[in-house]
Structure formats: structure tokens, C-alpha cells
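> coordinates only, sequence not included:
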């Protein structure tokens, strides 16, 4: 059951970003992304967009919230190098300060999250909590390699990874006998 929970957690986080690397997505279904923040700053020479203050990004049934989210863009594939605000594909995204990623039955939180398109990985750090239904895992660092669906959760120094999983209730009573 614990292995199934880890696979489910990994699939949950992978589901957040399972599109091709050039098309980073929050939701499996893709679609338009809406956002709100107290402040937006775009640094054209750095191809960097910074959203600060109660940042809320929504795509379909997925929501990413943080105090600050910074998006780094690649060069546009078009011939015009100066195409303006946020042209090009997302290369990296950094969410900082009370980071929450929420889908209808699953959520993850941490102090910081970094999504690197080139490495096809997402890393949550700082007081990480992952929940799926009633199942919960806590650690200091969560690293998910999306392409090979490998999830690693590490404790803080001197600590341990902790979790609770709730087995699904069987409709038949187990009489204490092993079933083949």
C-alpha cells in the first residue's frame, strides 16, 4: 500500500507537468492559463517575468499559489527577437513563499518549488506536505523526475520522512487468513 501511495503521489505531481517540455502546463488537460498578482514585472533583456503578492495561477482544475512566482522564457522560435512580454517557451519556473499546488483530490505544499523544463523535474523544498485523499507524506525535499516518473522525498537533517496512508476498505471482512 505504501508503494501504491508513492506511485499515486508521483503521478499526481507528474500530472501537473506531463506535457512536452516546451509546453509546461499546470493541468493535464492544458488550455488557457489565467493569473493574478499584486505586481507584475517583465525584464525583457533577461526574458524573465516576476509575479509578486498573492500570486494565483489557474489552468482548468489545477491551481498554483505562492507569494512570488518567477518565469524564465527561452528565445522565441520566430525570427523577430523582440516579441515582447513572455514570448517564447517557459524554461524554468520558481515559486517562493507558501507554495501550494492544488487539484481536486490532491495537493502539495512547500516553501519553494522549482520546475526545470530541461531536466524535466520539479523540486519542492522546505516543510513539504503532499496529500492525496486522506494519505499524507511529509519531508523537507520532494524531487520528481517527470519523464521517468521517479519520486524521492527526503527528510531534513537528522529527521525522517513521515507519512500516513489510509488503506481502502474492503467490502468483505478479512477473517485473518491470508489470501493467495
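Arrived safely. Note that this is a predicted model, so its numbers are computed, not measured.
> make it CA atoms for all contacts and neighbour counts henceforth
Will do.
> least trustworthy helix or strand in this structure by mean pLDDT?
helix 2-16 (a mean of 42; mean pLDDT, DSSP states H and E).
> tell me the first helix or strand C-terminal of that one.
Tracing the chain C-terminally past helix 2-16 and defining elements by DSSP states H and E, one meets strand 34-36 next.
> hang on, residue 165 packs against residue 132?
No - with contact defined as C-alpha atoms under 8 Å, residue 165 does not reach residue 132; the gap is 9.2 Å.
> now do the strands in this protein.
34-36, 39-43, 48-59, 62-73, 90-103, 106-116, 121-132, 135-145, 150-154, 162-164 (DSSP state E).
> the last one packs against which elements?
Translated: strand 162-164. Packing partners of strand 162-164 (3 or more C-alpha pairs under 8 Å, 6 or more residues apart in numbering; DSSP states H and E): strand 135-145.
> mind doing that once more with 10 Å?
With contacts defined as 3 or more C-alpha pairs under 10 Å, 6 or more residues apart in numbering; DSSP states H and E, the packing partners of strand 162-164 are helix 2-16, strand 121-132, strand 135-145.
> equivalent analysis for the fourth one, please.
The criterion is 3+ C-alpha pairs under 10 Å, 6+ apart, and the helices and strands that strand 62-73 contacts are helix 2-16, strand 34-36, strand 39-43, strand 48-59, strand 90-103, strand 106-116.
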